[in-house]
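Participant: give me a model of this one.
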Amino acid sequence: MASVLIVEDEPKMLRLLELNLGEEGWTTFSAGDAETGLKILGREAIDLVLSDFKLPGMNGLEFLDAIHRVNAEVPVVLMTAYGSVETAVEAMKKGASNYVLKPFSLEEIKLVVRKERDAHRLRVENRTLREELGRRYEYPNLVARSAKMQEVLAAVERVAPTNSTVLIGGESGVGKELIARAIHQRSRRASGPFVKINCTAIPENLLESELFGYERGAFTGATATKPGKFELADKGSLFLDEIGDVPQITQAKLLRVLQEREFERLGGTRTIKVDVRLVAATNRDLRAALEQGTFREDLYYRLNVVPIDVPPLREHAEDIPGLVEHFLAKYRGESGKQIRGVTPQAIQLLANFHWPGNVRELENIIERAAAFAKGEWIEAGDIHLDTGPAKGSNAPMGFLPPGMTLDQWEDEMIREALRRSGGNKSQAARLLGLSRNALRYRLSKIGIADDPEMP
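Facilitator: Reported below is the predicted structural model:
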């Protein structure tokens, strides 16, 4: 319910306004002078001030200034018997939202006040929306300054307080586990356990016992009862990484747990109930797996309640400088060196790479660069990128690496030639089969200065 402060020194008018605006649904506060009105404004949440222009000891313009020193955002409607245009204009310049001339009808004052209430609501809603759109989400161990990653964190903020199952998609190395942990840490289960299991790291015949546990004697070697991951995650969150690789027999049992929140241990008959929030992740296209018949459709829809897709690093390269600093802080001490930072040329080299291994690959490269850096700064020569074809690839020779355009591949080859030649441009040109002038042209395209005094 909106609240209005009525400041009027004429008691009958004050009472009349209180009654009529109260009938309109307003919570009313009243003052017979400016000083009392300011005290009320300082202690109450007021949505609108309706004030006479002429008050004891203070005129309307002075009162406007005083109001805005207490609350700069509250709208003010002035009632004045001085119907000059100059007075009204001056009041609007001073910050009045509106004015009404005395004498006025009660319907007129109701209309003006109603209009100001609606306008104020719109202003508040617009400001709130702008704040939400402009808000930057910060999480420990997550560097996400880019718009795409901020969208991911915004989704985390919205879903974390709920109990919904989340399916995180994205290529290997994009940080799906970090997103899963962020969901847990922002949830009501944050004080409970966060249990993770990589479904591809466990042999198919052992996955069921890892998830649901087993009773003593359930199989050869089961000398004691062992609880599974679901039991260990009770009152917390369970993160199932690479859910797309779960065998179909286990998929059926997973579906039951999601539907009924209960299961039996391997070799057991007692039904165990659990309160677990499931977060799953996959780097596979589960829709394609549905079409191939390797993934259950009913399980997919149970998992895909809230999908969150984490973009590959090449799609938010603006996060690379922040990620580099984050990893450098981590490995600076381990290298035993006083590394101050990374040169702009090295950052540019990293920003232009196609990153098939995503953030995990970037971390490995920074760790290696910190270990081999010769000075206080990691330079472009200390950065060793894997530009060769993927092992075991059946792609034809000359096919571009995934996510890389022809221009990017050409730029990377030029940089690699410069690295191999130690910066000698004539030698780099020979490695590339180019003339010195042709190399100079390509260097200018990628923003590398060609010093004529350098070889």
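Participant: count the residues that sit near Ser109.
Facilitator: Check again: residue 109 is Ile, not Ser. Look at Ile109: counted by other C-beta atoms under 10 Å, it has 20 neighbours. C-beta here means a position set from N, CA and C on the backbone, and glycine is covered the same way.
Participant: quick one: average pLDDT of the helix or strand hosting it?
Facilitator: In this structure, Ile109 sits in helix 106-134 according to DSSP states H and E. Helix 106-134 shows a mean pLDDT of 72.
Participant: repeat that for stretch 331-344.
Facilitator: The average pLDDT for stretch 331-344 rounds to 80.
Participant: in that stretch, which residues are buried?
Facilitator: Neighbour-count burial for stretch 331-344 flags Tyr331, Arg332, Ser335, Lys337, Ile339, Val342, Thr343 (criterion: 16 or more other C-beta atoms under 10 Å).
Participant: tell me the one of those residues nearest Gln248?
Facilitator: Tyr331 (41.8 Å; C-beta to C-beta).
Participant: can you say which helix or strand has the closest one in it?
Facilitator: Tyr331 belongs to helix 320-335, assigned by DSSP H and E.
Participant: and Val174, how many neighbours?
Facilitator: 27.
Participant: wait, it sits on Asp309?
Facilitator: No. Val174 lies out of contact with Asp309 (C-beta atoms under 8 Å); the separation is 9.3 Å.
Participant: returning to that earlier point: can you list the strands that the next helix-or-strand element following the helix holding Tyr331 pairs with?
Facilitator: Per DSSP H and E, helix 320-335 leads on to strand 341-342 as the next helix or strand towards the C-terminus. If you go by DSSP bridges, strand 341-342 pairs up with strand 377-378 (parallel).
Participant: Leu167 against Arg302, yeah?
Facilitator: No. Using C-beta under 8 Å, Leu167 makes no contact with Arg302, being 9.5 Å away.
Participant: which one of the two is surrounded by more residues?
Facilitator: The residue with more neighbours, out of Leu167 and Arg302, is Leu167; 21 against 18, by other C-beta under 10 Å.
Participant: which helix or strand contains that one?
Facilitator: Per DSSP H and E: strand 166-169 holds Leu167.
Participant: helices and strands around that strand, which ones?
Facilitator: helix 176-185, strand 277-282, strand 306-309 (3 or more C-beta pairs under 8 Å, 6 or more residues apart in numbering; DSSP states H and E).
Participant: export it to CSV, keeping only CA atoms.
Facilitator: The C-alpha trace of strand 166-169 is given here as CSV (Å, rounded to 0.1, in the frame of the first residue of the first chain):
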residue,chain,number,x,y,z
VAL,A,166,19.9,-28.5,-13.2
LEU,A,167,21.5,-29.7,-16.4
ILE,A,168,24.8,-27.9,-17.2
GLY,A,169,26.0,-28.2,-20.8
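Participant: where's it relative to the chain centroid, distance-wise?
Facilitator: Computed by C-alpha atoms, centre = their mean, to the nearest Å, the chain-centroid distance of strand 166-169 equals 15 Å.
Participant: within the sheet, what are the partner strands of that strand, with directions?
Facilitator: Short version: by DSSP bridges, strand 166-169 pairs with strand 277-282 (parallel), strand 306-309 (parallel).
Participant: return the alpha-carbon coordinates of stretch 432-451 using CSV.
Facilitator: Below are the C-alpha coordinates for stretch 432-451, written out as CSV (Å, rounded to 0.1, in the frame of the first residue of the first chain):
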residue,chain,number,x,y,z
LEU,A,432,56.0,-19.5,-44.1
GLY,A,433,57.1,-19.4,-47.8
LEU,A,434,56.5,-15.7,-48.0
SER,A,435,58.4,-12.7,-49.2
ARG,A,436,59.6,-10.2,-46.5
ASN,A,437,57.0,-7.6,-47.9
ALA,A,438,54.2,-10.2,-47.8
LEU,A,439,55.0,-11.0,-44.1
ARG,A,440,55.2,-7.2,-43.3
TYR,A,441,51.6,-6.8,-44.7
ARG,A,442,50.3,-9.7,-42.7
LEU,A,443,52.0,-8.5,-39.5
SER,A,444,50.3,-5.1,-40.0
LYS,A,445,46.9,-6.9,-40.3
ILE,A,446,47.3,-8.6,-36.9
GLY,A,447,48.7,-5.5,-35.2
ILE,A,448,52.3,-6.5,-34.8
ALA,A,449,54.7,-3.6,-35.5
ASP,A,450,57.3,-4.3,-38.1
ASP,A,451,60.5,-2.5,-37.0
